[in-house]
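Chemist: Can you look at this prediction? I've put the sequence above it.
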Amino acid sequence: MYTFEERKFNLGALEGISSKNIEEHLKLYAGYVKNANLITEKVSELMKNPDENAYVLGELSRRFSFEFNGMRNHEYYFSSLEGGHKNLGEGSKLKQKIEGQFGSFDAWLDGFKRLAMTRGVGWAMLYYDKHTDQLVHAWVDEQHLGQLNGCQVILALDMWEHAYVYDYPTSEKKKYIEAFFANLNWEVIEKNFLETTK
Ligand SMILES: [Fe+2]
């Protein structure tokens with residue numbers, strides 16, 4: 001058995017993302033934690049009669065990555081908004097890595113923002129691939145479809161409509177992307193990078 005605990009985030013007032021939206025969003029995050037635990041419990045119960053419950057067990061197991069990644073993605077997201085906006089340090093290892101791979105920080109940022117505009121509900125993710133010592137960014141549908149095997153999440157931008165629905169119409173989601181970066185604490189992202197590369 002395993003269990004997961006709901007994390008608490010110390011989020012002050014954000015620029016361009018209302019406290020109402022954050023409040024509602026945190027409730028959704030809590031739902032993923034609850035349901036990741038619920039699947040775990042149900043599977044354990046149903047395993048008492050695995051043959052009889054084979055179909056339900058299969059479907060619950062299939063759904064686990066949706067709940068688990070829904071939980072974990074949001075933990076990356078909310079923790080990156082803690083502590084207020086901070087820029088990525090000029091000489092920082094992450095900045096050097098980005099510049100080395102993408103030519104400039106702005107070129108990378110432009111590409112990432114375009115990735116975030118992908119149609120549909122999902123996430124724009126920046127990963128570190130230790131197998132090739134490279135940063136890779138990718139779109140993840142829903143919470144889990146398209147997560148990159150063996151890569152470590154460095155930065156996670158929630159592009160589900162629930163992330164901005166109280167603040168922007170769907171046709172203006174670009175403004176939400178700008179608001180996310182206006183609040184992003186790059187020190188957290190740098191720490192994520194250093195932890196996975198040390
Ligand atoms: Fe979300």
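Modeler: Arrived safely, thanks for sending. From a predicted model like this one, the values you see are computed outputs, not experimental measurements.
Chemist: What's the mean pLDDT across stretch 40-47?
Modeler: This predicted structure assigns stretch 40-47 an average pLDDT of 96.
Chemist: can you give me how far that stretch is from the chain middle?
Modeler: In this view, stretch 40-47 has its centroid 27 Å away from the chain centroid, taken as CA atoms, centre = their mean, to the nearest Å.
Chemist: got the buried residues for it?
Modeler: By neighbour count with 16 or more other CB atoms under 10 Å, stretch 40-47 contains the buried residues 40, 43. (Each C-beta comes from the backbone N, C-alpha and C, glycine too.)
Chemist: Ok, stretch 151-160 next?
Modeler: Of the residues in stretch 151-160, those scored as buried under the neighbour-count criterion (16+ other CB under 10 Å) are 151, 153-160.
Chemist: which residue does the chain bring closest to the ion?
Modeler: Evaluated by CB to the ion, the chain has residue 158 as its residue closest to the ion, separated by 4.2 Å.
Chemist: Contacts for stretch 44-59 next, please.
Modeler: With contacts defined as CB atoms under 8 Å, 6 or more residues apart in numbering, stretch 44-59 is touched by 1, 43, 60.
Chemist: Try it again at 6 Å.
Modeler: The set of residues that contact stretch 44-59 without belonging to it, under CB atoms under 6 Å, 6 or more residues apart in numbering, is residue 1.
Chemist: The helix or strand harbouring residue 155 pairs with which strands, parallel or anti?
Modeler: Following DSSP states H and E, one finds residue 155 within strand 151-158. Strand 151-158 has the following strand partners under DSSP bridges: strand 122-129 (antiparallel).
Chemist: Let's check: the centremost residue of this protein is which one?
Modeler: Compute the mean C-alpha point of the chain, and by CA atoms, centre = their mean the closest residue is residue 73, 3.0 Å away.
Chemist: So it is in contact with residue 156, correct?
Modeler: Yes. Using CB atoms under 6 Å, residue 73 and residue 156 qualify as a contacting pair, with a distance of 5.2 Å.
Chemist: joint contacts of those two?
Modeler: residue 123.
Chemist: which stretches of the chain form helices?
Modeler: With DSSP state H, the ranges of helices along the chain come out as 19-46, 54-79, 93-102, 105-116, 173-183, 186-197.
Chemist: and those as JSON lines, adding distance to residue 138?
Modeler: Output for the helices of the chain, formatted as JSON lines (distance: least, CB to CB, whole Å):
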{"stretch": "helix 19-46", "distance to residue 138": "20"}
{"stretch": "helix 54-79", "distance to residue 138": "13"}
{"stretch": "helix 93-102", "distance to residue 138": "14"}
{"stretch": "helix 105-116", "distance to residue 138": "8"}
{"stretch": "helix 173-183", "distance to residue 138": "16"}
{"stretch": "helix 186-197", "distance to residue 138": "16"}
